[in-house]
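A.B. asks: 3D model of this:
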Amino acid sequence: MAMYLRRAVSSRSLIGLIRRIWSREVIQARSFSQGLVFSRDFICSHFTGTKEAPTLPTNFGFLKESHRGFAKGKRSRDDSGGGTVEVAPDIGPAVKSGAASQMDAAIDALSRELTKLRTGRASPGMLDHIIVETGGVKMPLNRLAVVSVMDPKTLSVNPYDPNTLKELEKAIVSSPLGLNPRAEGERLIAAIPPLTKEHMQALCKVVTKSSEDVKQSIRRARQKALDTIKKAGSSVPKDDAKRLEKEIDELTKKFVKSAEDMCKAKEKEITQG
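C.D. replies: Next up, the predicted model:
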């Protein structure tokens, strides 16, 4: 029975047990075989050796804090192991922005390539890709001179520094454009010769090849975006994933059409002058 009481006292009912003793209540404990009744005096005698009641601490804070700490720890474990739901970030804007940026870069590259092709019509950008060596330094022609259109068949090249006139002339003659500029004061005048039929056909083939190259770049950007969506897996709801894939496809069609329109316009420029 002493063992039974010690266990009762050591349990979490310790505070209630002591309070019942001090209120002179009778504590009843029943064994499996018989009912036993213990008075306050018996309890005090058993635990203190006398009939004097032990001094009861007026502050139960240490017990309460211990109990509260245990409950708090349990609640923390429940919270961490329970239903914490993590909301996945919306990858849609980033995926579309990345795809659009890559596709736009492909269109810009196509525009630069088409500008390099000489046609029967004068264009100020047709000399931009020419590299000029002056003073031991190589620089693009458009950083050394201003190119303007005098008429549909003639270009004017005005250098920032007149001392670079000869270097500019040499670079233009050495380019594959087939131009032979002449010096006129402090500027160069370049007449655009008509294209031969063979030259036109060769240029159109270059345009077609450039068109296919840029379309492949656009489709690679599309596939990269779709792979990103696929890798996101279950973090992206199926409906959102399908909607995003559709938007990427629409973006791809838009840029492909832009590339086709640019190439058609260049072919027309080549064949019709």
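
A.B. asks: ok, residue 209 to residue 175 distance?
C.D. replies: Distance, residue 209 to residue 175, by C-beta to C-beta, to the nearest Å: 20 Å. The way it works is simple: take the backbone N, C-alpha and C, and place the C-beta from them, glycine included.

A.B. asks: which of the two has more neighbours?
C.D. replies: residue 175 (17 against 12; other C-beta atoms under 10 Å).

A.B. asks: that one against residue 132, yeah?
C.D. replies: No - using C-beta atoms under 8 Å, residue 175 is not in contact with residue 132; the gap is 10.1 Å.

A.B. asks: the helix or strand containing residue 149 - which strands sit beside it in the sheet, and in what orientation?
C.D. replies: Element membership for residue 149 (DSSP states H and E) is strand 145-151. Using DSSP bridges, the strands paired with strand 145-151 are strand 154-159 (antiparallel).

A.B. asks: for residue 157, list each beta-bridge partner.
C.D. replies: residue 147, residue 188.

A.B. asks: so what's the residue lying closest to residue 259 once chain neighbours are set aside up against?
C.D. replies: Ranked by C-beta to C-beta, 6 or more residues apart in numbering and with sequence neighbours excluded, the top spatial neighbour of residue 259 is residue 214, at 4.7 Å. Shown in contact with residue 214 (C-beta atoms under 8 Å, 6 or more residues apart in numbering): 106, 107, 109, 110, 259.

A.B. asks: before we move on, what about residue 249?
C.D. replies: Residue 249 touches residue 222, counting by C-beta under 8 Å, 6+ apart.

A.B. asks: could you look up the SS state of it?
C.D. replies: Of the three states, residue 249 takes helix under DSSP: H, G, I helix; E, B strand; the rest coil.

A.B. asks: can you give me the distance of it to residue 194?
C.D. replies: From residue 249 to residue 194 the distance is 43 Å (C-beta to C-beta).

A.B. asks: now the strands for the stretch 101-250 of the chain?
C.D. replies: 131-134, 137-140, 145-151, 154-159, 182-184, 187-191 (DSSP state E, counting those that start in this stretch).

A.B. asks: closest one to residue 91 among these?
C.D. replies: strand 137-140 (39.2 Å; C-beta to C-beta).

A.B. asks: got the CA positions of the closest one in CSV?
C.D. replies: Written as CSV, here are the backbone C-alpha positions of strand 137-140 (Å, rounded to 0.1, in the frame of the first residue of the first chain):
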residue,chain,number,x,y,z
VAL,A,137,42.3,48.9,-82.6
LYS,A,138,39.4,47.1,-84.3
MET,A,139,35.9,48.7,-83.9
PRO,A,140,32.5,48.4,-85.6
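
A.B. asks: sheet partners, orientation included, of it?
C.D. replies: strand 131-134 (antiparallel).

A.B. asks: low-scoring stretches of the protein, by residue?
C.D. replies: Scanning the chain for pLDDT under 70 picks out 1-89, 273.

A.B. asks: what sits against the closest residue to residue 151 other than its chain neighbours?
C.D. replies: In this structure, residue 151 finds its nearest non-sequential neighbour in residue 122, 7.0 Å apart by C-beta to C-beta, 6+ apart. Residues near residue 122 by C-beta under 8 Å, 6+ apart: 149, 150, 151, 152, 153, 154, 155, 192.
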